[in-house]
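Peer 1: all I have is the shape, not the residue letters:
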């Protein structure tokens with residue numbers, strides 16, 4: 001039986017063993033199930049598979065969310081974030097659209113009308129504004145397959161025109177793809193809005209199709225929700241057909257009805273007539289409101305005027321001393337004020353005059369107090385102390401100061417009053433009140449007398465005292481000082497009660513020394529003695545004998561006394577005066593430029609001097625005038641030389657170079673600088689002079705010289721020099737045919753001279769007369785000179801200045817052409833012109 005069983009079912013037994021082993025091994029079982037599971041899932045029906053997997057998938061998802069919620073967030077983030085962002089953006093656009101339209105129409109006539117409509121209907125004002133201001137119409141709706149870009153359905157509004165819908169669909173898909181490819185956008189995002197003029201294209205993207213609405217006008221943002229709802233319903237009803245769409249739209253017949261819902265969306269402008277009733281009501285309301293506002297404004301202005309006057313009155317009160325305003329207000333057409341007032345201050349009621357404030361409307365409440373301001377304290381002190389006429393009370397820097405004389409009883413009362421003044425009040429200073437008791441007055445008068453003595457020069461008070469009603473004083477006194485007894489006059493001190501004891505001495509004070517010197521020296525009238533900085537100065541002229549006595553007196557002055565300075569006294573002996581005058585003359589010569597004093601001396605009553613002198617320097621003999629030096633006693637010997645002082649060098653350069661007017665020579669910091677414009681020849685001469693002077697150490701700077709541009713002058717010069725005046729044989733006056741030539745030549749000469757002056761040069765014109773060889777040579781020379789003189793006279797007659805013209809006769813020595821030629825004689829009978837520039 002075993003053998004038979006092996007023969008019959010051995011294969012089945014081995015397969016059964018393998019399956020049993022497979023079921024017992026979980027890893028092998030999982031691998032086997034994994035091999036067949038995809039095929040089984042693919043062959044299973046969707047309903048059965050969904051029902052079978054739903055519980056397991058739900059539990060797995062629930063456990064996964066509980067275990068790690070962030071995983072689900074990361075999965076859903078790419079899906080929900082664009083939708084949320086788009087929803088928020090649309091809501092913000094809707095809000096701003098509503099705000100913009102509301103602000104644009106809030107103060108317009110339509111705004112007033114729409115506000116009334118909002119009040120009447122109960123809707124918000126922004127909703128009414130959007131209802132009337134957003135005029136739009138949906139003209140086309142395109143449903144386009146998202147994957148292929150093929151047109152699924154198209155609906156157009158009445159009277160809406162467009163091109164081929166299939167072509168428009170392809171172009172929109174191409175635009176979407178172009179934007180995504182060009183800017184690397186994600187697959188989930190798309191182009192939402194396209195605007196061209198008054199047209200807008202709104203695109204709503206679904207899972208399988210895109211709905212594009214073509215809108216004319218200004219649509220509200222709520223239209224997005226309507227289009228999005230239509231697209232959602234299409235996907236719910238026809239999702240399978242949309243997935244399987246391959247260009248055949250027969251299975252999507254109901255889609256056009258859904259799209260018709262979008263096309264029917266529009267908002268047209270209302271054609272209602274003008275609301276005259278509303279206008280009349282509004283106008284009446286504005287008139288009433290305007291009248292009320294005007295009356296309110298007028299009343300307010302009157303009240304403001306009252307308040308401003310009241311404030312002026314309050315300010316006036318606050319500025320019054322002794323018045324403190326604690327509280328003030330204006331209420332219900334009445335004015336209230338309260339505060340503190342010193343009884344000595346001004347009456348607040350009297351201050352109302354002139355403020356235009358009605359006193360009947362003012363309610364005041366004042367509490368009396370004693371002000372510590374100086375003027376009120378001063379009044380109270382005067383009332384309580386009753387100062388005598390010799391005492392004056394005043395205010396100085398917030399202090400009350402008493403000045404004058406008073407008995408000691410009044411002074412004691414004043415001190416007591418000063419101590420009793422309240423803290424924080426002004427200080428009461430009575431230090432300047434003098435006690436007028438007899439003993440005190442006598443002591444003060446004696447001290448004034450002693451101070452007067454101590455201030456006197458030549459008096460030294462050694463001791464002074466008062467004893468038993470008598471006055472004692474002792475000290476030193478210079479005999480030249482004032483008499484102390486005479487100084488008692490005017491001090492009110494009784495001389496009979498004064499006992500003085502003075503010792504004589506010689507004071508070293510400068511005024512006493514000056515008096516003694518004046519008495520001992522007897523200075524002449526030409527000498528003046530004075531005190532300068534405690535020094536005795538002698539000034540003037542005196543003989544040598546007096547000067548010797550003065551020097552001896554200066555040496556005899558006691559040590560510690562003032563200095564006696566006689567250095568300013570001049571010796572007026574004849575020899576000394578002559579020597580002084582001579583030295584003054586020599587100093588004057590030495591200060592002169594171009595003069596060098598080599599030696600000078602005085603001998604035998606005569607004066608000798610020698611040295612060097614530039615010929616351009618001042619004459620030494622002329623400088624003697626005014627020096628009181630006798631010219632007959634002066635013997636001078638001067639050698640001529642050329643000084644290198646820039647002033648003399650400039651004079652020599654001006655004389656030798658003769659610079660044109662356009663050139664200026666000046667001295668700058670010891671250098672001779674030449675500035676201006678000059679002809680090239682003159683510049684060459686100046687440069688040569690600079691080289692010669694540099695060897696002597698004198699700097700002649702010609703770097704600022706510019707060459708004169710004579711191009712225009714040279715052209716005119718050439719024209720003048722090629723002009724000749726021709727004469728008949730034996731004649732010295734040109735024929736009438738030469739008159740135009742003379743006129744032109746005169747004009748050219750005047751123009752050339754004027755231009756030359758502007759350029760800084762002087763022009764000279766040489767008129768040279770010529771003759772032919774006919775006749776004697778002496779006669780020809782005379783004829784040629786006469787012809788030149790005739791031409792000069794004719795040019796003078798035509799306005800040419802005489803000083804510009806020079807004449808000479810050349811005779812036959814300067815022929816223009818050889819005499820033996822055909823035109824020789826007639827050509828040589830002429831006057832030629834040569835132009836020279838200086």
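Peer 2: Structure's in. What do you need? The shown structure was predicted, so the numbers you read here are calculated from the model rather than taken from an experiment. Residues are numbered from 1 along each chain as shown.

Peer 1: which strands and helices sit next to the lengthiest helix in the chain?
Peer 2: Of all the segments of type helix in the chain, defined by DSSP state H, the longest one is helix 276-319. If you count contacts as 3 or more Cβ pairs under 8 Å, 6 or more residues apart in numbering; DSSP states H and E, helix 276-319 packs onto helix 109-121, strand 323-331, strand 334-341. Every residue, glycine included, has its C-beta placed from N, CA and C.

Peer 1: for the last one, name the packing helices and strands.
Peer 2: When contacts are defined as 3+ Cβ pairs under 8 Å, 6+ apart, strand 334-341 packs onto helix 276-319, strand 323-331, strand 362-368.

Peer 1: which among those is found nearest to residue 171?
Peer 2: Residue 171 lies closest, by Cβ to Cβ, to one member of the helices and strands packed on strand 334-341: helix 276-319, at 49.2 Å.

Peer 1: gap between the closest one and the chain center?
Peer 2: Mean-position distance between helix 276-319 and its chain equals 47 Å (Cα atoms, centre = their mean, to the nearest Å).

Peer 1: same check, this time on stretch 225-239
Peer 2: Distance of stretch 225-239 from its chain centroid, counting by Cα atoms, centre = their mean, is 71 Å.

Peer 1: stretch 147-156 too?
Peer 2: Worked out by Cα atoms, centre = their mean, stretch 147-156 lies 71 Å from the chain centre.

Peer 1: which residues touch it?
Peer 2: If you take Cβ atoms under 8 Å, 6 or more residues apart in numbering as the criterion, stretch 147-156 is touched by 139-145, 162, 165-166, 169-170, 173-174, 177, 208-209, 242, 245-247, 249, 252, 255-256, 259-260, 262-263.

Peer 1: for it, measure first residue to last.
Peer 2: Stretch 147-156 has an end-to-end distance of 24 Å (Cα to Cα, to the nearest Å).

Peer 1: report the buried residues of that stretch.
Peer 2: Buried residues in stretch 147-156, counted by 16 or more other Cβ atoms under 10 Å: 149-156.

Peer 1: check pLDDT for these and point me to the minimum.
Peer 2: The member of these with the lowest pLDDT is residue 149, at 78.

Peer 1: if residue 212 is in a bridge, with which residues?
Peer 2: residue 142, residue 203 (DSSP bridges).

Peer 1: how many neighbours does it have?
Peer 2: 23 (other Cβ atoms under 10 Å).

Peer 1: so who does it touch?
Peer 2: Residue 212 neighbours (Cβ under 8 Å, 6+ apart): 140-142, 144, 172, 201-204.

Peer 1: same thing but at 7 Å, please
Peer 2: 142, 144, 172, 201, 203 (Cβ atoms under 7 Å, 6 or more residues apart in numbering).

Peer 1: am I right that residue 617 is in contact with residue 589?
Peer 2: No - under the criterion of Cβ atoms under 7 Å, residue 617 makes no contact with residue 589, lying 9.8 Å away.

Peer 1: and residue 714, what does it touch?
Peer 2: Counting by Cβ under 7 Å, 6+ apart, residue 714 has no contacts.

Peer 1: let's see it at 10 Å
Peer 2: Residues counted as contacts of residue 714 (Cβ atoms under 10 Å, 6 or more residues apart in numbering) are 835, 837.

Peer 1: that's a helix at it, yeah?
Peer 2: Yes - looking at residue 714 with DSSP: H, G, I helix; E, B strand; the rest coil, it is inside a helix.

Peer 1: under the pLDDT cut-off, which ranges of the stretch 701-838 of the chain? List them.
Peer 2: Counting by pLDDT under 70, the ranges of the stretch 701-838 of the chain that qualify are 709-710, 760, 820-824.

Peer 1: show me where it has strands.
Peer 2: Using DSSP state E, counting those that start in this stretch, the strands of the stretch 701-838 of the chain run over 724-726, 763-769, 805-809, 830-837.

Peer 1: chain center to the last one: distance?
Peer 2: So that's strand 830-837. The answer for strand 830-837 is 66 Å, by Cα atoms, centre = their mean.

Peer 1: that strand pairs with which strands, and in what direction?
Peer 2: By DSSP bridges, strand 830-837 pairs with strand 724-726 (antiparallel), strand 763-769 (antiparallel).

Peer 1: give me whichever of those strands is most buried.
Peer 2: Scoring the strands paired with strand 830-837 by mean neighbour count under mean count of other Cβ atoms under 10 Å gives strand 763-769 as the most buried, with a mean of 21.

Peer 1: need phi/psi at residue 147.
Peer 2: phi -80, psi -50 (degrees, to the nearest 10).

Peer 1: swap in residue 616?
Peer 2: Torsion angles, degrees, to the nearest 10, at residue 616: phi -90, psi -10.

Peer 1: count of neighbours near residue 588?
Peer 2: Count around residue 588 with other Cβ under 10 Å applied: 16.

Peer 1: for whichever helix or strand it is part of, list every residue counted as buried.
Peer 2: Take DSSP states H and E as the rule and residue 588 turns out to sit in helix 574-590. Within helix 574-590, the residues that count as buried by 16+ other Cβ under 10 Å are 578, 581-582, 585-586, 588-589.

Peer 1: show residues contacting the following helix or strand past it.
Peer 2: Using DSSP H and E, the helix or strand that follows helix 574-590 in sequence is strand 595-603. With contacts defined as Cβ under 10 Å, 6+ apart, strand 595-603 is touched by 575, 578-579, 582-583, 585-590, 607-614, 617-620, 623, 633, 635-639, 641, 643.

Peer 1: would you give the sheet partners of whichever helix or strand comes after strand 595-603, along with the direction of each?
Peer 2: Downstream of strand 595-603, the next assigned helix or strand under DSSP H and E is strand 606-613. According to DSSP bridges, strand 606-613 forms sheet pairs with strand 595-603 (antiparallel), strand 634-640 (parallel).
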